[in-house]
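**Student:** Predicted model follows, preceded by the sequence.
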Amino acid sequence: MPRPSLVIANKNYSSWSMRAWVLLRAFGIEFDEIMLKFGSEAWKRDLRRYSPTGLVPVLLLQNEPAWDTLAIVETVAERWADRPVWPVQSRARQVARSICAEMHSGFRDLRSAMPMNIRSRYPGKGVTPGVREDIARITAIWSECRQRFGGDDEFLFGAFSAADAFYAPVVMRFVTYAVALPPACEAYANAIQAHPAVAEWIAAARAETDLVVEDEPYAAP
């Protein structure tokens, strides 16, 4: 199979890009990275050439795009069936797909009030009643999955899976805004940050200097 390409945006800000990128890296799938930074000339010129929706990420396989992170995960799981993208056990796999779908469509208050910004720190910012509800739901998901399926390993379903790639940007939000977590959830967040694929993304995000004003609501004027 020809080497795939992944179209992404800024690593500091783009949580959707992070999910797909971390997934591919975590499962040892080699790919070419196409970076289109938000608002750049390349973004304006090339985005629609790659993305039917004008959004990232997009996975290109033999020049055929797979867009939307859920579609990308399922495409990867199908094309690289030897990689344990989803948990092996059927009940765990059912739950993993459900919590990925919930992440994909939900937690709107958290997304809005606590945008991903890996290189910055804004302790206590963005806390609203709706955000508190989202945090409570997310920590409940993490706690239940770790208790039911985690076993002796560090991740939600034992070994690293698509579910962990989906929740990695949430971990980064919790770090940026200094969200207090229960001990088991704090341990999980630390394990996510230490994963080699996530650590590589974090290092690249911190090295970026581009400023996207829309994603910096708490920056000093």
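**Tutor:** Yes, it's here.
**Student:** Now do residue 105: how many residues are near it, please.
**Tutor:** Residue 105 sits with 9 neighbouring residues when counted by other Cβ atoms under 10 Å. Using the backbone N, CA and C atoms, a C-beta is placed for each residue, glycine as well.
**Student:** For residue 2, see how far away it is.
**Tutor:** Distance, residue 105 to residue 2, using Cβ to Cβ, to the nearest Å: 32 Å.
**Student:** Repeat that for residue 35.
**Tutor:** According to Cβ to Cβ, residue 35 and residue 2 sit 20 Å apart.
**Student:** Compare those two and say which is more crowded by neighbours.
**Tutor:** Using other Cβ under 10 Å, the more surrounded residue of residue 35 and residue 2 is residue 35, with 18 against 8.
**Student:** What lies in contact with the helix or strand of the chain with the lowest mean pLDDT?
**Tutor:** Lowest by mean pLDDT, DSSP states H and E among the helices and strands of the chain is helix 41-50, with a mean of 94. Helix 41-50 has contacts (Cβ atoms under 8 Å, 6 or more residues apart in numbering) with 7, 9, 34-37, 54, 56, 58, 60, 65.
**Student:** farthest pair in the residues you listed?
**Tutor:** Greatest spatial distance in the contacts of helix 41-50: 37 and 65, 19.4 Å, computed using Cβ to Cβ.
**Student:** re earlier: in ChimeraX, how would I select the buried members of the contacts of helix 41-50?
**Tutor:** Here is the ChimeraX selection string for the buried members of the contacts of helix 41-50, based on 16 or more other Cβ atoms under 10 Å:
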select :7,9,34,35,36,37,56,58,60,65
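**Student:** just the contacts of helix 41-50 now: which is nearest residue 172?
**Tutor:** Residue 172 lies nearest to residue 9 out of the contacts of helix 41-50, by Cβ to Cβ, at 14.9 Å.
**Student:** now the strands for this structure?
**Tutor:** Residue ranges of the strands in the chain, as given by DSSP state E, are 5-8, 32-35, 58-61, 64-67.
**Student:** would you turn these into TSV with mean pLDDT and distance to residue 44?
**Tutor:** TSV is the format used below for the strands of the chain (pLDDT from 0 to 100; distance: least, Cβ to Cβ, whole Å):
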stretch	mean pLDDT	distance to residue 44
strand 5-8	98	14
strand 32-35	98	14
strand 58-61	98	16
strand 64-67	97	18
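**Student:** just for this protein, where's the confidence low?
**Tutor:** Applying pLDDT under 70 to the chain picks out residues 1, 221.
**Student:** Now do the helices in it.
**Tutor:** Shown for the chain, the helices assigned by DSSP state H span residues 15-26, 41-50, 69-79, 90-105, 108-113, 129-145, 162-176, 183-194, 196-207.
**Student:** Would you indicate which residues of the fourth one are buried?
**Tutor:** Spelled out, it's helix 90-105. 92-93, 95-97, 99-100, 103.
**Student:** In JSON lines: those residues, plus distance to residue 211.
**Tutor:** Formatted as JSON lines, these follow (distance: Cβ to Cβ, whole Å):
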{"residue": "92", "distance to residue 211": "41"}
{"residue": "93", "distance to residue 211": "41"}
{"residue": "95", "distance to residue 211": "39"}
{"residue": "96", "distance to residue 211": "36"}
{"residue": "97", "distance to residue 211": "36"}
{"residue": "99", "distance to residue 211": "33"}
{"residue": "100", "distance to residue 211": "31"}
{"residue": "103", "distance to residue 211": "27"}
